[in-house]
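S.K.: Provided below are the primary sequence and the corresponding predicted coordinates.
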Amino acid sequence: MSNLLRLAAAALTALPLAACAAESEGPVALTWWQGPNAETPTQEAVAACTKDGKYAIKVETLPDGSDKQREQLVRRLSAKDKSVNLITMDVVWTAEFAEAGWILPLPDATAKTVTDGTLEGALKSATWKDKLYAAPLLSGSQLLWYRKSRAEQAGIDPAKGELTWEQLLAAAGGMPEGERGVATPGNRYEGYTVFVNALVASAGGQVVDAEGQPGLDSDAGRAAASVIGSLATGPAALKGMSTLDEETMRAAFEQGEASFMTNWGYVYAAAADRATKEPEFKKVFDDYGWARYPRVVAGVPSAPPLGGSNIAIGAGTPEDQRESAYAALACLTSTQSQKGFMMGAGIPAARSSVYDDAEVRAKFPFADVMRDSIAEASPRPMVRKYNALSTAIQTAFHPPASVTAETAAKAQAAVAQAVGQ
């Protein structure tokens, strides 16, 4: 009996110690795998979201470049790495990662929190098979950027948002040589897929439909091909169009070789920064205008490109950490967090209310056009084999000067093979 009493006493003595040990474990430790280009707003968001001490977030920086980021994440996720908790994903990865079981669908309460006030285009990029798998963190769409004085000279008013590609190319082509350029993607890279997809969607079609069937051999596909071919072989084509990407387009626009350009919102922040350092360039910057992406069909609003990134929860996250991970995801993608990224890194927000903020509107006078463009943007195809599909599109439509109406049928066959149809 005395032995039993001693054991009971020891057990009772150990209870407070166990309770203290549990209390001393501290906040739940989470790891956020994030890209390298927004360090300050990332740290500010982490500090704001962890100040109550319920969880801690360690930031692991992914390599620069979408392909390298995807490669590292796929390797870790397929190995069920328990440290991959919060993941910043490109908007085109959702289908692949969800179908592979690498990320978790968001529970209803979290989904409601991240959905409220988020622009429709951004939400589409985070959804797979009618389930929300991620929370939009950053978004963005391409606008038509133009020199206001030159647009007036050409006799067009892009600001109305009704300009078609045909009207744009005709007006630009009549301008003086050295100023008539229209800068669009032309190199064989992801940006060219973005261009083709936006043209097809603006013509009322889909590169791939909801059932996974290619839709390029269609009136919409041929209309998209017509725009590319007309631009590349007309007077508005820039020299070396087949090598153009976002940065070379921006350079041509800033230097004046191009009077019109389709590009992401970052070009405004870059130009504003340059204008503060170079007084002569300020005259150019003050002549910047912006408008919605051009239409393919007169009278039919365009379907602008969609970019950005979403945050998802890695499926290897231990059960006892998931509640904290979902809370962190909701906080990191909150209105305040997205405002911080927009103000600090110049990357547009996915939440509508950010564009009503006085500081945001002062720094980004194109806020309303950007918000509307994101809301009505057309995401790139949501398919598991997206990389193969994108490569097929780039190959079929390249070089731009070779594109004709027949290109649409050739691209259809290439896309069908890529997605396994």
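M.R.: Arrived safely. If you're wondering where the values come from, they're calculated on a predicted model, not measured in any experiment.

S.K.: got the residue ranges for the strands in the stretch 301-421 of the chain?
M.R.: According to DSSP state E, counting those that start in this stretch, the stretch 301-421 of the chain carries its strands in the segments 309-313.

S.K.: which stretches of the stretch 51-200 of the chain form helices?
M.R.: Secondary structure of the stretch 51-200 of the chain (DSSP state H, counting those that start in this stretch): helices at 66-78, 94-99, 108-115, 120-124, 148-154, 165-173, 190-202.

S.K.: Quick check: pLDDT value at Leu143.
M.R.: Note for Leu143: predicted pLDDT of 98.

S.K.: Okay, and the beta partners of it?
M.R.: Note on Leu143: beta-bridge partners Asn263, judged by DSSP bridges.

S.K.: list the contacts for it?
M.R.: Thr262, Asn263, Gly265, Trp290, Ala291, Arg292, Tyr293, Pro304, Phe366, Val369, Met370, Ser373 (Cβ atoms under 8 Å, 6 or more residues apart in numbering). In this view, the C-beta of every residue, glycine as well, is placed from N, C-alpha and C.

S.K.: Ala38 too?
M.R.: For Ala38, the contact set (Cβ under 8 Å, 6+ apart) comprises Phe341, Gly344, Ala345, Ile347.

S.K.: Confirm for me that the third one is in contact with Pro41.
M.R.: The one in question is Ala345. Yes: the criterion here is Cβ atoms under 8 Å, and Ala345 meets it with Pro41 at 5.4 Å.

S.K.: The nearest residue to Arg76 once chain neighbours are set aside and Trp102: what is the separation?
M.R.: Beyond its immediate neighbours in the sequence, the residue positioned closest to Arg76 (Cβ to Cβ, 6 or more residues apart in numbering) is Val84, lying 4.9 Å away. Distance of Val84 to Trp102, computed by Cβ to Cβ, to the nearest Å: 9 Å.

S.K.: Name the residues contacting each of these two.
M.R.: Leu77, Gly314.

S.K.: Would you map the helices across the stretch 251-400 of the chain?
M.R.: So, for the stretch 251-400 of the chain - with DSSP H, counting those that start in this stretch - the helices run 266-277, 279-285, 319-332, 335-345, 358-363, 367-375, 386-396.

S.K.: so which of those helices gets nearest Val74?
M.R.: Relative to Val74, the nearest member of the helices of the stretch 251-400 of the chain by Cβ to Cβ is helix 386-396, separated by 10.7 Å.

S.K.: Which positions in the closest one come out as buried?
M.R.: For helix 386-396, a neighbour-count test (16 or more other Cβ atoms under 10 Å) marks Tyr386, Asn387, Leu389, Ser390, Thr391, Ala392, Ile393, Gln394, Ala396 as buried.

S.K.: and which of those residues is nearest Asp245?
M.R.: Distance ranking of the buried residues of helix 386-396 against Asp245, using Cβ to Cβ, places Gln394 first at 12.0 Å.

S.K.: these two touch, right, Ala312 and Lys131?
M.R.: No: with contact defined as Cβ under 8 Å, Ala312 and Lys131 do not form a contacting pair (11.7 Å).

S.K.: Please say which of those two ends up with more neighbours.
M.R.: Neighbours per residue (other Cβ atoms under 10 Å) separate Ala312 from Lys131, with Ala312 holding more: 29 against 11.

S.K.: does the more buried one have beta-bridge partners, and which?
M.R.: In this structure, Ala312 bridges to Ile87 when assessed by DSSP bridges.

S.K.: Spit out the contact partners of it.
M.R.: With contacts defined as Cβ under 8 Å, 6+ apart, the neighbours of Ala312 are Leu86, Ile87, Met89, Thr94, Phe97, Ile103, Leu104, Tyr133, Ala134, Ala135, Leu329.

S.K.: gap between it and Asp245?
M.R.: Separation of Ala312 from Asp245 (Cβ to Cβ) stands at 27 Å.

S.K.: Out of the helices of the stretch 51-200 of the chain, which gets nearest to Lys54?
M.R.: Counting by Cβ to Cβ, Lys54 lies closest to helix 108-115 out of the helices of the stretch 51-200 of the chain; the figure is 15.2 Å.

S.K.: send the alpha carbons of the closest one over as CSV?
M.R.: The C-alpha coordinates for helix 108-115 follow below in CSV (Å, rounded to 0.1, in the frame of the first residue of the first chain):
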residue,chain,number,x,y,z
ASP,A,108,-15.3,27.2,-44.7
ALA,A,109,-14.6,29.9,-42.1
THR,A,110,-11.2,30.7,-43.6
ALA,A,111,-12.6,30.7,-47.1
LYS,A,112,-15.3,33.2,-46.1
THR,A,113,-12.7,35.5,-44.5
VAL,A,114,-10.4,35.5,-47.5
THR,A,115,-13.3,35.7,-50.0
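
S.K.: Quick one: list the elements packing against it.
M.R.: Contact partners of helix 108-115 among helices and strands, from 3 or more Cβ pairs under 8 Å, 6 or more residues apart in numbering; DSSP states H and E: strand 131-132, strand 135-138, helix 319-332.

S.K.: Kindly calculate the angle that that helix makes with strand 309-313.
M.R.: 170 degrees (axes from the mean of the first three to the mean of the last three Cα atoms, to 10 degrees).

S.K.: Now do helix 108-115: everything it contacts.
M.R.: Contacts to helix 108-115, defined as Cβ under 8 Å, 6+ apart, come from residues Leu106, Leu123, Leu132, Ala135, Pro136, Tyr326, Leu329, Ala330, Thr333.

S.K.: mind redoing it with 6 Å?
M.R.: With contact meaning Cβ atoms under 6 Å, 6 or more residues apart in numbering, helix 108-115 is reached by Leu132, Ala135, Tyr326, Ala330, Thr333.

S.K.: Throw these into a markdown table and include neighbour count and distance to Pro318, thanks.
M.R.: As requested, the contacts of helix 108-115 are arranged in a markdown table below (neighbours: other Cβ atoms under 10 Å; distance: Cβ to Cβ, whole Å):
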| residue | neighbour count | distance to Pro318 |
| --- | --- | --- |
| Leu132 | 24 | 22 |
| Ala135 | 28 | 20 |
| Tyr326 | 22 | 13 |
| Ala330 | 20 | 19 |
| Thr333 | 26 | 22 |
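
S.K.: Tabulate those (TSV), appending distance to Gly316.
M.R.: Formatted as TSV, these follow (distance: Cβ to Cβ, whole Å):
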residue	distance to Gly316
Leu132	20
Ala135	19
Tyr326	15
Ala330	20
Thr333	21
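
S.K.: Can you report how many residues lie near the residue nearest to Ser66 when sequence neighbours are not counted?
M.R.: Using Cβ to Cβ, 6+ apart and skipping the chain neighbours, the partner closest in space to Ser66 is Asp90 (5.1 Å). Applying the criterion other Cβ under 10 Å, we find 21 residues in the vicinity of Asp90.
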